[in-house]
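J.: With the sequence up front, the predicted model follows.
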Amino acid sequence: MDLLLQNRDPLFSLIIFFGLIFIISFFSYTWALWRVRKQKGSLEDFFARFRASADKEIANIIEGGDANRALLLLADAYTKSGDYEKAIAIYLKLKNNYDFKEQKRILEKLGELYYKAGFLARSVEIFEEILRYYPRSPRVLQKLLLVYERLYEYKKALGVCEVLEELGCKSDRDYILAKIAIQKGDEQQLLAIYQKDPKLVRLIFEYLFQTNHIVAWEYLRTNDIPKLFDILWRLPREKISLHDTTLKELYTAKGYVQEVSGSQDFIFDLLIHYPKADLEFSYLCEVCKGVYPFAFTRCPGCHSAGSPTVERIITQKKRLDEESFSV
């Protein structure tokens, strides 16, 4: 200590200082390394206690055929996460590992995956192959109907509807006929279908309001107006009608006219008294109760054909510059 006090050379002091830091760091590192190795050794000992039994279980899975079931679960997980390519690869690998009846289920899964992934021709090929051996399978027929619809092959879809009806199952004949009428521009056929099957109001009048709003207003029933709130809300001013109280309230709330001072409908009343508000919409399937932010005539969840319930959502009205930017 006396030596340190007597020696006041700054360089010597720095050497002593950094030397102490090095010694402390070295021992700290050595201590940490020893602890890590000790913990790793403890974990190895722990896993060693279970390794033998784990190896035995894996061998049992492979020998007992549980590997296929595990791969099926993995394929389902890939399907739910949207990784269709990996799921398809697994099903293609497994389709020859089962008996004939189980192969049908594997092929069904493959057909569904090709449909979801957009490989519609392959999906048709698989479903048609299944129907060669199981021609009276309503589930497969329904899936084939969906694929034909996506491919705009409506005549083939009608053929599937006929088979479903022969089996005593519900078919979407009117829905497909309406699609054909829209394709042909046949307004009279659409109106006839509407009279027979009012649940197709959205499919039919979405088209009519685009092509002939005068005919649309003439035939639209008052009790179906709420199913088209979003379509009517977005009509340009020159296409609107005020022949019904609900329409007067709707277009007063929209700001097109000043026909009423209030409404029994809470949302319309709020919009009438608060013109800075606006409406957005969500869509509820009446069958599976799934809610979606976009309109549909066939539910993306349960695939039922019809018109969703239109749910109104009050929002802040966008400024003109915001609307221009979003466009």
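T.: Arrived safely, thanks for sending. Keep in mind the model is a prediction, meaning the values are calculated, not measured.

J.: wait, doesn't residue 277 sit right on residue 267?
T.: No: with contact defined as Cβ atoms under 8 Å, residue 277 and residue 267 do not form a contacting pair (9.2 Å). (Each C-beta comes from the backbone N, C-alpha and C, glycine too.)

J.: joint contacts of the two?
T.: By the contact definition Cβ atoms under 8 Å, 6 or more residues apart in numbering, residue 277 and residue 267 are jointly contacted by residue 314.

J.: So, low pLDDT: which residues of the stretch 1-150 of the chain?
T.: Within the stretch 1-150 of the chain, the stretches with pLDDT under 70 are 1-14, 17, 38-68, 70-72, 74-75, 78-84, 87-88, 90-101.

J.: For it, which segments are assigned as helices?
T.: Using DSSP state H, counting those that start in this stretch, the helices assigned to the stretch 1-150 of the chain run over residues 2-6, 10-64, 66-80, 84-94, 100-117, 120-133, 138-150.

J.: Going by neighbour count, which residues of the last one are buried?
T.: The reference is to helix 138-150. For helix 138-150, burial by neighbour count (16 or more other Cβ atoms under 10 Å) applies to 140-149.

J.: Take the residues you listed and write them to TSV, including distance to residue 223.
T.: Converted to TSV, these look like this (distance: Cβ to Cβ, whole Å):
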residue	distance to residue 223
140	37
141	33
142	30
143	34
144	35
145	30
146	30
147	34
148	33
149	28
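
J.: Which of the three states applies to residue 281?
T.: Secondary structure, DSSP: H, G, I helix; E, B strand; the rest coil: residue 281 is strand.

J.: Check whether it really touches residue 308, as I assumed.
T.: No: in this structure, residue 281 is not within contact of residue 308 by Cβ under 8 Å, at 9.8 Å.

J.: same for the helix or strand hosting residue 195, what does it pack against?
T.: Applying DSSP states H and E as the criterion places residue 195 in helix 187-196. On a contact count with 3 or more Cβ pairs under 8 Å, 6 or more residues apart in numbering; DSSP states H and E, helix 187-196 meets helix 173-184, helix 201-211, helix 213-219.

J.: Off-centre distance for the second one?
T.: Think helix 201-211. Mean-position distance between helix 201-211 and its chain equals 25 Å (Cα atoms, centre = their mean, to the nearest Å).

J.: got the angle for that helix vs helix 173-184?
T.: If you take axes from the mean of the first three to the mean of the last three Cα atoms, to 10 degrees, helix 201-211 sits at 10 degrees to helix 173-184.

J.: between helix 201-211 and helix 187-196, what angle do the directions make?
T.: Inter-element angle recorded for helix 201-211 and helix 187-196: 150 degrees (by the same axes, to 10 degrees).

J.: and helix 201-211, which residues are buried?
T.: Buried residues in helix 201-211, counted by 16+ other Cβ under 10 Å: 201-209.

J.: can you pull the alpha-carbon coordinates of it into CSV?
T.: Once non-C-alpha atoms are left out, helix 201-211 reads as follows in CSV (Å, rounded to 0.1, in the frame of the first residue of the first chain):
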residue,chain,number,x,y,z
VAL,A,201,-83.5,-10.5,-52.8
ARG,A,202,-79.9,-9.3,-52.5
LEU,A,203,-78.6,-11.3,-55.5
ILE,A,204,-81.5,-10.1,-57.7
PHE,A,205,-81.8,-6.5,-56.7
GLU,A,206,-78.1,-5.8,-56.5
TYR,A,207,-78.1,-6.5,-60.3
LEU,A,208,-81.4,-4.7,-61.0
PHE,A,209,-80.3,-1.5,-59.2
GLN,A,210,-77.2,-1.5,-61.4
THR,A,211,-79.0,-2.0,-64.7
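
J.: so what secondary structure elements neighbour that helix?
T.: Partner elements for helix 201-211 (3+ Cβ pairs under 8 Å, 6+ apart): helix 173-184, helix 187-196, helix 213-219, helix 229-233.

J.: rerun at 6 Å
T.: helix 173-184, helix 213-219 (3 or more Cβ pairs under 6 Å, 6 or more residues apart in numbering; DSSP states H and E).

J.: so which of those helices comes closest to residue 292?
T.: In terms of Cβ to Cβ, the element of the helices and strands packed on helix 201-211 nearest to residue 292 is helix 173-184, at 18.2 Å.

J.: so who does residue 123 touch?
T.: By Cβ atoms under 6 Å, 6 or more residues apart in numbering, the residues touching residue 123 are 111, 114-115, 147.

J.: cool, residue 161 as well?
T.: Contacts of residue 161 by Cβ under 6 Å, 6+ apart are 171, 173.

J.: which element is it on?
T.: Counting by DSSP H and E, the element that carries residue 161 is helix 154-166.

J.: what about that helix, average pLDDT?
T.: In this model, helix 154-166 has a mean pLDDT of 95.
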